[in-house]
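Novice: Okay, here's the prediction I keep looking at, along with the sequence it came from:
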Amino acid sequence: MFIKKTTKKLKNKTYSNHLLVESVLTAQGPRHRVVCSLGSLEPAPREQWLALAHRMEASLAGQSELQPDEALGALVERARRGRRRRFPRGSSTETDLVAIHTDRVQTEEPRQAGPVHVGHQMWRRLSLDTILATAGLDERTQRLTEIMTLNRLVFPSSEHAMPDWIQRTALSDLLGRDLSVVNDEALYRNLDRLHPQRAVIEKELAEKERTLFNLEESVYLYDLTSTYFEGQCPLNPQAQRGYSRDQRPDCKQVLVGLVLDSDGFPKAHEVFEGNRQDRTTVESMLTALEQRVGKKPGATVVVDRGMAYDDQLRQIQAQGYHYIVAGRQPERIPHLAELEDEAGWDEILREPSPRNPGQEKPHVFIKRIAAGNEIHILCVSEGRKEKDRAIREKHEKQLLADLAKLQKRVGRGDLKKDTKIHEAIGRLKERYPRVARYYGIEYDATSRSLRYPENAEKKALAQKLDGSYVLRTDRQDLSKEEIWRTYILLTRVESAFRAMKSPLMERPIFHHLAHRVQTHIFLCVLAYHLLVSIEKMFLDHGIHTSWATLREELSTHQVVTIVLPTSSGETLKIRKGSIPETQHRRIYDILRIPEELMKPVKTWCSA
């Protein structure tokens, strides 16, 4: 559709009129048909006519706008009256029985629907509109938040590119909204509105999932990852350089802390400074967890070795929780005799992964040791032994290369101040803590020489400890296998981080303002709620699959417009979803969502 201005002279006076016109296909070719008159006054500035016509066309097709416009509503109602006059109720154009020119049948405006249909239905299943309304967010913010979350789930892109993605999908059809007016500025503003309500939304969503999926909250899994930025981010104090899990030490980053339950559902998340030590986040995360799910005395918190310090364990116990942690590397040394003693070991029986049924998992042996108020579980993994050896050799090679470079710089006189040389040595020790202790790195200020003799005894001890690790817990009531299996649940947090970084594309971050960075990460967490809900329903049916696989299978389910030229000269356009294929029906059946994407919308056009 488009708007056309006409003029007519009568008795030396010029009269103007504005017409809403649509293009229709007839037996004689394309023709223009007047839908209705919009009056003599301009309905909008001329440069906005085309956009206004598109908005009216969307409204006539049954789509409502995110923000109601009274002026637009009046124009649409006038267009509807014009159409009713041309096609009175009960005429042949209103019946289902029409004669069609089959050689001229066409389809237009195909849009991908399957993935966004599943995402939209899961959004409704989790009552996220109600949750957002409880947080004080209006209907427009609810729709924009859903759109931005589905974008991360289906085809992650920046706010600048998101409007183009919206037009390539059937979101307008599924939501019954005209989304052609959504632009990047509206999306940025939505981040600002959403930011203050993150904690409330996360709390309500955790409660909804607990009741919907009958989740237990006896185990909390906590871990950290890093997410890097593009750019210098001078306006974000949280953007700092630190230990990068993404292997991007050249970029500033933030840390993301995430708590899951034993089923893998998120309970709380926090964003920390990129250079913050892992163990300093524990207290803040425990506070956030209590705000989201309340006090859960007797639950067990599982954390990795980066937080296995006595202060942090006391913080966990002070909140009324138990703990299971992986001991730090030096904590294995006091147990060297027990590790070498062949008595008391039991092998863990591990089932092959459902995704790789023919691949046998590495053997793991465990031994229980009483250590005061704690229980220590000594573990030896054949697969980990090879990994530890490879990591140690790689780091050792890098350390020796960097020490050789530093030695040459000192010898050439490039570094003259003793303080600078000691700082360089300290940085190397910090960069390679696993292997730096095997070498006595010494600087002699008198001879201005750097030496790093190998400590063969420490190196041999490290080789003996390859593949071993220690688990610590205050749970006296669990068997050694129960302790090990509970700790292994921590891999679900790693899987969550992989999902957020890969299919949900959390990184790299292009936002530079701190509150928008935090909301961007929050949207990724929201998308992960949808993802884990979908995968959980498949697991409940004994099917191990991933959202990435389902998304690919669903991509062929579309919404299209069928153009049907009739023998009477009118053209019937039907907007509807394609018939779901076998793989689509299987997915919809497991997820218990309707196969029909939308109610068909019929539009008549006439020459």
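Specialist: Received the coordinates, thanks.
Novice: Chain neighbours aside, what residue packs nearest to Q63?
Specialist: Closest residue in space to Q63, ignoring its immediate chain neighbours: D178 at 4.4 Å, by C-beta to C-beta, 6 or more residues apart in numbering. Using the backbone N, CA and C atoms, a C-beta is placed for each residue, glycine as well.
Novice: Hmm, that neighbour is touching L60, no?
Specialist: No - counting by C-beta atoms under 8 Å, D178 sits too far from L60 to count as a contact (10.3 Å).
Novice: Which one of these two is surrounded by more residues?
Specialist: Counted by other C-beta atoms under 10 Å, D178 and L60 do not tie: D178 has more neighbours, with 21 against 18.
Novice: What's opposite the more buried one in the beta bridge?
Specialist: Applying DSSP bridges to D178 yields these beta-bridge partners: E65.
Novice: Now for it: which residues touch it?
Specialist: Contact partners of D178, counting by C-beta atoms under 8 Å, 6 or more residues apart in numbering, are R55, A58, S59, Q63, S64, E65, L66, S172.
Novice: Any idea how many residues pack against the fifth one?
Specialist: S64 has 13 neighbouring residues, counting by other C-beta under 10 Å.
Novice: My assumption is that G257 lies in a helix; please confirm.
Specialist: No - counting by DSSP: H, G, I helix; E, B strand; the rest coil, G257 is not found in a helix; it is strand.
Novice: Now do the same contact list for the closest residue in space to it that isn't next to it in sequence.
Specialist: What sits nearest to G257 in space, not counting adjacent residues and going by C-beta to C-beta, 6+ apart, is E270, at 4.6 Å. Contacts for E270 (C-beta under 8 Å, 6+ apart) come out as V256, G257, T281, S284, M285, A288.
Novice: Next, count neighbours for E581.
Specialist: Counted with other C-beta under 10 Å, the neighbours of E581 add up to 13.
Novice: Tell me if I'm right that it and H557 touch.
Specialist: Yes - proximity of E581 to H557 meets the contact threshold set by C-beta under 8 Å, at 7.3 Å.
Novice: Just say helix, strand or coil for K9.
Specialist: strand.
Novice: Next: I579.
Specialist: Three-state assignment for I579 (three-state DSSP): coil.
Novice: again with the one 5 residues further on
Specialist: Recorded secondary structure, H584: helix (three-state DSSP).
Novice: if I look at the closest residue to it other than its chain neighbours, how far off is L174?
Specialist: Nearest non-adjacent residue to H584, counting by C-beta to C-beta, 6+ apart: H557, 4.9 Å away. Per C-beta to C-beta, to the nearest Å, H557 is found 12 Å from L174.
Novice: For those two, list the residues in contact with both.
Specialist: Common neighbours of H557 and L174, counting by C-beta under 8 Å, 6+ apart, are A113, H117, L597.
Novice: strands paired with the top strand by length along the chain, and their directions?
Specialist: As assigned by DSSP state E, the longest strand anywhere in the chain is strand 13-26. Strand pairing for strand 13-26, determined by DSSP bridges: strand 2-10 (antiparallel), strand 29-39 (antiparallel).
Novice: Render the CA-only coordinates of the first one in CSV, please.
Specialist: As requested, C-alpha coordinates have been extracted for strand 2-10 and formatted as CSV (Å, rounded to 0.1, in the frame of the first residue of the first chain):
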residue,chain,number,x,y,z
PHE,A,2,1.0,3.6,-0.5
ILE,A,3,-0.5,7.1,-0.2
LYS,A,4,-1.2,9.2,-3.2
LYS,A,5,-2.2,12.8,-3.5
THR,A,6,-4.7,13.9,-6.2
THR,A,7,-5.8,17.4,-7.3
LYS,A,8,-8.9,18.5,-9.2
LYS,A,9,-9.8,22.0,-10.5
LEU,A,10,-13.4,23.1,-10.4
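Novice: what mean pLDDT does it have?
Specialist: Taken as a whole, strand 2-10 carries a mean pLDDT of 82.
Novice: Please apply the same query to stretch 329-348.
Specialist: Stretch 329-348 carries an average pLDDT of 90.
Novice: cool, and stretch 552-571?
Specialist: pLDDT averaged over stretch 552-571 gives 92.
Novice: Same check on stretch 192-206?
Specialist: For stretch 192-206, the per-residue pLDDT averages 97.
Novice: buried ones in it?
Specialist: Residues 193-195, 197-206 are the ones in stretch 192-206 that count as buried (16 or more other C-beta atoms under 10 Å).
Novice: Only C-alpha atoms, please: export that stretch in CSV.
Specialist: Extracted C-alpha coordinates of stretch 192-206, given in CSV (Å, rounded to 0.1, in the frame of the first residue of the first chain):
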residue,chain,number,x,y,z
ASP,A,192,17.3,1.0,30.4
ARG,A,193,13.8,0.3,31.6
LEU,A,194,14.5,-3.4,32.3
HIS,A,195,17.7,-2.9,34.3
PRO,A,196,16.3,-1.9,37.7
GLN,A,197,13.9,-4.8,37.7
ARG,A,198,16.3,-7.7,37.1
ALA,A,199,16.4,-9.0,40.6
VAL,A,200,12.6,-9.0,40.9
ILE,A,201,12.1,-10.8,37.6
GLU,A,202,14.8,-13.4,38.5
LYS,A,203,13.1,-14.1,41.8
GLU,A,204,9.7,-14.6,40.4
LEU,A,205,11.0,-16.7,37.5
ALA,A,206,12.9,-19.0,39.9
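Novice: what's in contact with it?
Specialist: Contacts for stretch 192-206 (C-beta under 8 Å, 6+ apart): 126, 128, 131-132, 134-137, 141, 145, 265-269, 288, 291-293, 515-516, 518-519, 522-523, 525-526, 529.
Novice: and if we set it to 7 Å?
Specialist: Stretch 192-206 has contacts (C-beta atoms under 7 Å, 6 or more residues apart in numbering) with 126, 131-132, 134-137, 141, 145, 267-268, 291-293, 515, 518-519, 522, 529.
Novice: just stretch 10-17 next, same as before
Specialist: Stretch 10-17 is contacted from outside by K5, T6, T7, K8, S37, S40, using C-beta under 7 Å, 6+ apart.
Novice: got those as TSV, with distance to E393 and neighbour count columns?
Specialist: Formatted as TSV, the contacts of stretch 10-17 follow (distance: C-beta to C-beta, whole Å; neighbours: other C-beta atoms under 10 Å):
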residue	distance to E393	neighbour count
K5	78	13
T6	82	12
T7	85	8
K8	89	9
S37	82	14
S40	84	10
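Novice: Show the end-to-end separation of stretch 439-447, please.
Specialist: 20 Å (C-alpha to C-alpha, to the nearest Å).
Novice: whoops, stretch 165-180 was the one
Specialist: Start to finish, the residues bounding stretch 165-180 are 11 Å apart (C-alpha to C-alpha).
Novice: among the shared contacts of H557 and L174, who's most crowded?
Specialist: Counting by other C-beta under 10 Å, top hit in these: H117 with 30 neighbours.
Novice: That residue: which element?
Specialist: helix 114-125 (DSSP states H and E).
Novice: Would you indicate which residues of that helix are buried?
Specialist: For helix 114-125, using 16+ other C-beta under 10 Å, the buried residues are G114, P115, V116, H117, V118, G119, H120, Q121, M122, W123, R125.
Novice: which residues sit in contact with the closest residue to the fourth one other than its chain neighbours?
Specialist: For H117, the nearest residue in space outside its immediate sequence neighbours is L597; the separation is 5.5 Å by C-beta to C-beta, 6+ apart. L597 makes contacts with A113, H117, A170, L174, V559, G577, as judged by C-beta under 7 Å, 6+ apart.
Novice: rewinding a little: the residue nearest to G257 and K5, how far apart?
Specialist: For E270, the distance to K5 equals 58 Å [C-beta to C-beta].
Novice: go on, I166?
Specialist: As for I166, its distance to K5 is 31 Å (criterion: C-beta to C-beta).
Novice: How about S180?
Specialist: S180 sits 23 Å away from K5, going by C-beta to C-beta.
Novice: three-state assignment of the residue nearest to G257?
Specialist: Going by three-state DSSP: E270 is strand.
Novice: try S157
Specialist: Classified using three-state DSSP, S157 is coil.
Novice: For it, which non-adjacent residue is closest in space?
Specialist: S157's closest residue in space is W165 (C-beta to C-beta, 6+ apart), at 5.4 Å.
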